[in-house]
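Chemist: The following comprises the amino acid sequence and a computationally predicted model.
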Amino acid sequence: MEIFITLFITGVGLGALYFLVASGLSLIYGLMGVLNFAHGAFLTAGAYAAWYFTTEVRADGSLTSYAISLVLSGLVGAIFAVATEQLLIKHLYDRHIDQALVTVGLGLVAVSAYLGWFGSDPLIALPPTQLYDVVQIGDAFVGIDRFLYITVAGLVLLANFLMLRYTRIGLVIRAGVENRAMVTALGIDVRKAFTFVFFIGGFAAGLGGALATTYASGVGPTLGDAFLIYAFITVVIGGMGSIPGTAIAAVIVGTTQVLVNYYVQGLGDFVVVLLLAVVLLTRPQGLLGKVAH
Amino acid sequence: MILLPSKYRFVPLIFMLIAGFGAFTPLIDEPGLQQTFAVAFLFGGLALTYDLLLGFTGLLSFGHALFYAAGAYGAAFAMARWDWGIIPAGIFALFFAFLVALFTGTAALRVKGIAFAMVTLAFAEAGHVIVTLNLWGLSEGDKTLQLNFDSVPDFFLGVANTRNLYLLALITLAIIYLAVWWLTQSSVGRVWQALRENEERVSVLGLRPFSFKLIAFVLAGVMAAFVGVVAVVVTNNANPVMASTQTTISLLLMVILGGIATRWGAVIGGLIYVVLSQRLTTLDTQGALAGLPEWIGGPMSEPAFILGVIFILVVMFSPGGIAGALYRLRLKIASFK
């Protein structure tokens, strides 16, 4: 039972990281119909930024430096994402397949650029030692860093919820996911919302990169791609364009993966992809997705 | 869609003949070069089978690597564990890939568009996991499953016989090319292209889209498996990279780079992709990048960096890839006359 609790919370922590990547993917797809294959590159950029800041700029291993590195990596991810939207995707509006293809190319270019700059070996990051403490829940011991991931993802979920529910741009995004042609016909410039969605999606991915560096104890060129594939699975299971659906799916995917990987050695990844196939074949729109119109 | 006018239809086959004779000239004499071209021919053929789905039927699959790997691992497994000869092992692999394609296709084709892409991705990823984790002892895990040298004729073995491998790969490419040509010209092929343009109209005409898509999916899968079987002989192993999503994505790149739904475009895309990615690696070792500052020289030494940049530029500025660019050039020349 103790092991189950430890594994379960680790799984939710991993799900929290998936959520950070998947929330941006889901909104971008829901609003623009772009399957963004470069999202993993945003995450890796954030991860390298966090690594650089905590090992080269302020290598004191304090919680303050770590907190600054989180914000910094979020900004790096956001800037990368906005640049992608402005320089590449913007010019291909209404060419959905080409937009997806350009992000495939960008993902490839980014990974090889990281490879050229930082080498293929993972760079070791040294997060504050406090994060490696454990807390006792019942008889189980759980690493504190798990709770950090869950808290950060929870805050991002809350921020997304408040933004979508109570701001004007959130209203435009929600309406755009529902029916983009209608929003445009009403004279609202959806393109600003596109840029904004890339900004928040990139920010969450960059933030996820910094946390993933802590989770994986380092950052390599393909860190983002490893997360991207499960983030895709999360988005599709949750339903494209639905943030609550993505959050639920992230917890399901993370816990399933960790639990099955422990109890049936190594089969977790296998079960997760089969889960995706089963969900899609029985409920093509995902758990909370709207039926395509 | 840009098809060659009929008088040019045989040009790719003539080029393949020339390439075949080329192996006997000093031009392509070095075994290293012959090996590079052999792999390039195989990827040209593989890209063509992918184009059958993507270009001619309008099915975006992210799982094509599964069938390539099913062919490769099926054959390598039968040869290594059961000591079968290459021919029975190859037939076994094709039959195995047929079953895998029939099963995954029947399931995946129940959904459309992005959902279809994701289901195929999931099945391929499942295959990749089976191979890398060596589930049920079917593979060698991260290591490669080596070719059993007793199973293949001697004239395919050893560096001295690389020319035979080159010819084998070229013949494979020619077979795939002719098969795809015949298929896309057949009445079934016309239904595929109609499906790509407008699925509703096809069903209004009384044809079941599902059956035709399944035929395309299974045929493309079996042909990819055929390339996989030959790849085991040419590269002497079956390896986990064959089953990875990265392989499918590189096929996508090849088809887009060369020109979608043109047959020869996919082949050219595959050739260019493989030759560039192998030759660009030597760019660095030859010191061609020595003068560049590290921040640009580092990425430039990665072939995928340059290929990725070319790919982005093609998608943005030359829709239809190389074939599309040539087509526009011809139109321009024609308008001057």
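Modeler: Alright, I've got the coordinates.
Chemist: all strands of the stretch 1-150 of chain A, in order?
Modeler: Assigned strands in the stretch 1-150 of chain A, in chain order: A:123-124, A:134-137, A:140-143 (criterion: DSSP state E, counting those that start in this stretch).
Chemist: and among the ones you listed, the most buried is which?
Modeler: strand A:140-143 (a mean of 17; mean count of other C-beta atoms under 10 Å in any protein chain shown). Where C-beta positions appear, they are placed from N, C-alpha and C, glycine not excepted.
Chemist: how deep is the closest residue to residue A:234 other than its chain neighbours tucked in, by neighbour count?
Modeler: Spatial nearest neighbour of residue A:234, chain neighbours left out: residue A:22 (4.2 Å); criterion: C-beta to C-beta, 6 or more residues apart in numbering or on different chains. Neighbours of residue A:22 under the rule other C-beta atoms under 10 Å in any protein chain shown: 34.
Chemist: isn't residue A:22 right up against residue A:227?
Modeler: No - applying C-beta atoms under 8 Å as the test, residue A:22 and residue A:227 come out as separate, 9.1 Å apart.
Chemist: Quick check: pLDDT value at residue B:241.
Modeler: Residue B:241 carries a pLDDT value of 89.
Chemist: whoops, I mixed them up, residue A:201
Modeler: 94.
Chemist: What of residue B:262?
Modeler: Looking at residue B:262, the pLDDT reads 85.
Chemist: Run a quick neighbour tally on it.
Modeler: There are 26 residues near residue B:262, going by other C-beta under 10 Å.
Chemist: can you check the one 3 residues further on too?
Modeler: Using other C-beta under 10 Å, the number of residues around residue B:265 comes to 30.
Chemist: tell me the SS of it?
Modeler: helix (DSSP: H, G, I helix; E, B strand; the rest coil).
Chemist: quick one: it and residue B:259 touch, right?
Modeler: Yes - in this structure, residue B:265 is within contact of residue B:259 by C-beta under 8 Å, at 2.8 Å.
Chemist: Common neighbours of the two, please.
Modeler: Shared contacts of residue B:265 and residue B:259, defined by C-beta atoms under 8 Å, 6 or more residues apart in numbering or on different chains, comprise B:321, B:322, B:323.
Chemist: Just the buried subset of those, please.
Modeler: B:321, B:322, B:323 (16 or more other C-beta atoms under 10 Å in any protein chain shown).
Chemist: Out of the residues you listed, the closest to residue B:177 would be?
Modeler: residue B:323 (14.7 Å; C-beta to C-beta).
Chemist: For the closest residue to the closest one other than its chain neighbours, grab phi and psi.
Modeler: Computed as C-beta to C-beta, 6+ apart, the closest residue to residue B:323 that is not its neighbour in sequence is residue B:259, at 2.6 Å. Dihedral angles of residue B:259 (phi, psi; degrees, to the nearest 10) stand at phi 130, psi 120.
Chemist: hang on, isn't residue B:259 packed against residue B:314?
Modeler: No - between residue B:259 and residue B:314 there is no contact under C-beta under 8 Å: 9.5 Å.
Chemist: ok, back up a step: kindly reformat the shared contacts of residue B:265 and residue B:259 as JSON lines containing secondary structure.
Modeler: Converted to JSON lines, the shared contacts of residue B:265 and residue B:259 look like this (three-state DSSP):
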{"residue": "B:321", "secondary structure": "helix"}
{"residue": "B:322", "secondary structure": "helix"}
{"residue": "B:323", "secondary structure": "helix"}
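Chemist: Please report how far residue A:188 lies from chain B.
Modeler: 26 Å (C-beta to the nearest C-beta, to the nearest Å).
Chemist: Just give the number of residues close to that residue.
Modeler: For residue A:188, using other C-beta under 10 Å, the count is 16.
Chemist: mind checking the SS state of it?
Modeler: coil.
Chemist: Was I right to think it contacts residue A:172?
Modeler: Yes - using C-beta under 8 Å, residue A:188 is in contact with residue A:172, at 5.8 Å.
Chemist: still on that earlier bit, closest one to chain B among the strands of the stretch 1-150 of chain A?
Modeler: strand A:123-124 (14.6 Å; C-beta to the nearest C-beta).
Chemist: How many residues are close by the residue in the stretch 151-300 of chain B that chain A sits nearest to?
Modeler: Nearest residue of the stretch 151-300 of chain B to chain A: residue B:298, at 3.1 Å (C-beta to the nearest C-beta). For residue B:298, the neighbour count with other C-beta under 10 Å is 21.
Chemist: For residue B:105, state which of the shared contacts of residue B:265 and residue B:259 is nearest.
Modeler: residue B:321 (26.8 Å).
Chemist: so how far is chain A from the closest one?
Modeler: For residue B:321 relative to chain A (C-beta to the nearest C-beta), the value is 11 Å.
Chemist: Just give the nearest non-adjacent residue to that residue, would you?
Modeler: residue B:259 (3.8 Å).
Chemist: got it, and residue B:279?
Modeler: Nearest one to residue B:279, counting by C-beta to C-beta, 6+ apart, is residue B:36 at 7.7 Å.
Chemist: List the buried residues for the strand or helix carrying the one you found?
Modeler: Element membership for residue B:36, per DSSP states H and E: helix B:31-54. Going by neighbour count (16+ other C-beta under 10 Å), the buried part of helix B:31-54 is B:31, B:33-54.
Chemist: how near is the closest residue to residue A:50 other than its chain neighbours to chain B?
Modeler: Sequence neighbours aside, residue A:210 is the residue nearest to residue A:50 in space, at 3.6 Å (criterion: C-beta to C-beta, 6+ apart). Applying C-beta to the nearest C-beta, the value for residue A:210 to chain B is 23 Å.
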